[in-house]
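J.: Take this sequence and fold it.
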Amino acid sequence: MAMRDKNKGFALLIAVIFMSVMLSFGLALGSLGYKQQVLASSSIRSQYAFYVADAALECALRADQRENAFSYRAHSEENQPNAISCGGAPATRLSYFYADRDRLVVVDRLSLDSGTRCAEVAIYKYANPQPPSNVTSYIFAQGYDVSCAVVDDPGTARYVSRGVSAQY
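T.: Prediction:
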C-alpha cells in the first residue's frame, strides 16, 4: 500500500503541465492572429490612401495638361487659378497660393469617394526649367484614408496618408 500512495497525483501533475503548455500555445496563436488582423487592416487603409493620392495626381495632371489650369504666366496674386475638380467634386483652395515671375505654387484639397477620403495636391510651375533634369512642373499629391474634416481637426483620430509625385 505504501507504494501506491507514493504515486498518487502523478497523473494530475502531468495533466496540469500538459494543459499549461496547451494554454501557452493557444495564447501565442491568439496573439499572432490579432497582430495579423491589425496588420491587414492597416494595409487596407494604406491602399485607400494611395488610391486617393493617385486619383488626385491624375486630376491635377489633367487640369494642367488639358486645361492649362496652372500656367504661371496667366496668374498673379490677384488672379488665382481656378481650383481643380475631380470626378465632379470641386477642390477647395487651401490658404497657400504664391505667384511671382519665376514660379507658381498652388495647394488644393479634394474631397473624394463621396466625401469619405481626402487628398491634397501641391502644384509647382516654373518659368524656366530647373536643373539637373530640366523640370518645369512638379505635382505632389497626398492622400488620406479619412474625410477632409478629420484631416482638418484630427483630435485623437488615427489615419494613414500616402503620397505620389510627378515631374515633367
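
J.: Name the spans of the protein whose pLDDT lies under the cut-off.
T.: 1-7, 72-83, 89-90, 92-96 (pLDDT under 70).

J.: so how far is the strand of greatest length in the chain from its chain's centroid?
T.: Longest strand in the chain, counting residues (DSSP state E): strand 117-130. Chain-centre distance of strand 117-130: 18 Å, with Cα atoms, centre = their mean, to the nearest Å.

J.: and it, what does it pack onto?
T.: helix 10-65, strand 103-112, strand 135-144, helix 148-152 (3 or more Cβ pairs under 8 Å, 6 or more residues apart in numbering; DSSP states H and E). To be clear about C-beta, it is placed using only N, CA and C from the backbone, and glycine gets the same treatment.

J.: what about I17, distance to G9?
T.: For I17, the distance to G9 equals 12 Å [Cβ to Cβ, to the nearest Å].

J.: And S31, by the same measure?
T.: 32 Å.

J.: coming back round to it: so which of the helices and strands packed on strand 117-130 comes closest to S85?
T.: Smallest distance to S85 across the helices and strands packed on strand 117-130 (Cβ to Cβ): 7.3 Å, for helix 10-65.

J.: Partner strands of the helix or strand just after that closest one and their direction?
T.: Downstream of helix 10-65, the first helix or strand assigned by DSSP states H and E is strand 85-86. When pairing is defined by DSSP bridges, strand 85-86 lines up against strand 89-90 (antiparallel).

J.: and S165, what is it in contact with?
T.: L57, Y138, I139, F140, A141 (Cβ atoms under 8 Å, 6 or more residues apart in numbering).

J.: wouldn't the last one be in contact with I123 here?
T.: When you say that, I think you mean A141. No. A141 is beyond contact range of I123, at 9.6 Å (criterion: Cβ atoms under 8 Å).

J.: Could you pull out the residues contacting both of the two?
T.: Common neighbours of A141 and I123 (Cβ under 8 Å, 6+ apart) are A60.

J.: still on that earlier bit, now distance to R117 and neighbour count too, for the contacts of S165, in CSV please.
T.: Formatted as CSV, the contacts of S165 follow (distance: Cβ to Cβ, whole Å; neighbours: other Cβ atoms under 10 Å):
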residue, distance to R117, neighbour count
L57, 14, 21
Y138, 23, 17
I139, 18, 24
F140, 17, 19
A141, 12, 26
